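Sequence plus the predicted model coming up.
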Amino acid sequence: MQQVKGTVLKSRLLFLEDHFGKEGVSKVLDSLSAEDRKAFRLILPVVWYPFALGERLDDAIVRVLAGGDTTFFERLGEASAERNLGTVHRGFLRPGHPHEFLEKTPSIYRTYYEVGRREYARTGPTSGVFTTYDAEVFSAPDCLTIVGWHRKALEMCGASGVRVRETECRAKGGKVCRYEISWS
């Protein structure tokens, strides 16, 4: 069973609280089952949780607060990168060296996800592609958080004009999740 670190779930809850207050968090959690509400009472960043729990949270966020707009998750991903890479995972950043940061893609993936792998390949002086393989489960909202997370992370490395585009998605019938990245 695919699992994610609690930091992934915690980032979502903190983003909701920052943008919608405790009332927004309560609305989302109240829309979940009693079992899920119990699980969200205490999320520890270093503990593994079922990916499906995060999927149900994402579905509730889209339904309750995002008005069906799944691009909301790109903003959530940006906030997650800012929060996590500004503190506990700061060591991943390579200011002034975006490719060096992206070369850590396999390690970064293992920090947040238990099953599968992510690989990075440089395609030019200011471009690359990373691909996620063998994840047991996946979701379109999670893929969008990855787009936002990497865009913000590259900006934190000093890149400007960052573009991250998912060109293949398992949640949309693809064999892998593939992202093309470029910056100026």
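Received, thanks. Numbers count the residues shown, from 1 in each chain.

Give me the contact list for the helix or strand containing residue 128.
Per DSSP states H and E: residue 128 is located in strand 127-133. By C-beta atoms under 8 Å, 6 or more residues apart in numbering, the residues outside strand 127-133 that reach it are 99, 102, 105, 109, 116-123, 138, 146, 150, 170, 176-183. For every residue, glycine as well, the C-beta is placed using N, CA and C.

need the next SSE after it, C-terminal direction.
On the C-terminal side of strand 127-133, the closest following helix or strand by DSSP H and E is helix 140-156.

Tell me which strands the following helix or strand past that following helix pairs with, and in which orientation.
Taking DSSP H and E as the definition, the helix or strand that follows helix 140-156 towards the C-terminus is strand 163-168. Using DSSP bridges, the strands paired with strand 163-168 are strand 177-182 (antiparallel).

Give me the buried subset of the contacts of strand 127-133.
With neighbours counted by 16 or more other C-beta atoms under 10 Å, the contacts of strand 127-133 contain buried members at 99, 102, 105, 109, 116, 118, 120, 138, 146, 150, 170, 176-179, 181-183.

now the longest helix along the chain, how far from the chain's geometric center?
For the chain, the longest helix by residue count, based on DSSP state H, is helix 6-30. From the chain centre to the centre of helix 6-30 is a distance of 15 Å (C-alpha atoms, centre = their mean, to the nearest Å).

Now do that helix: everything it contacts.
Looking at what lies outside helix 6-30 - C-beta under 8 Å, 6+ apart - the contacts are 36-37, 40, 43-49, 53-54, 57-58, 60-61, 64-65, 75-76, 79-80, 83-84, 88, 112.

Only whichever of the residues you listed are buried, select them in ChimeraX.
Selection command for ChimeraX covering only the buried members of those, criterion 16+ other C-beta under 10 Å:
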select :40,43,49,53,54,57,58,60,61,64,65,75,76,79,80,83,84,112
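
follow-up on the earlier one: give the other helices and strands that the helix or strand following the longest helix of the chain contacts.
The C-terminal neighbour of helix 6-30 among helices and strands, as given by DSSP H and E, is helix 34-39. Applying 3 or more C-beta pairs under 8 Å, 6 or more residues apart in numbering; DSSP states H and E, we find helix 34-39 packed against helix 6-30, helix 51-64.

Can you name every helix or strand that the last one contacts?
In this case it means helix 51-64. strand 3-5, helix 6-30, helix 34-39, helix 72-85, helix 140-156.

which residues touch the fourth one?
The set of residues external to helix 72-85 that reach it, using C-beta under 8 Å, 6+ apart, is 7-8, 11-12, 14-15, 18, 58, 61-62, 65-66, 92-93, 141-142, 144-153, 156.

What angle do helix 6-30 and that helix make with each other?
Taking axes from the mean of the first three to the mean of the last three C-alpha atoms, to 10 degrees, helix 72-85 and helix 6-30 form an angle of 140 degrees between their directions.

and helix 72-85, how far out from the chain's middle?
7 Å.
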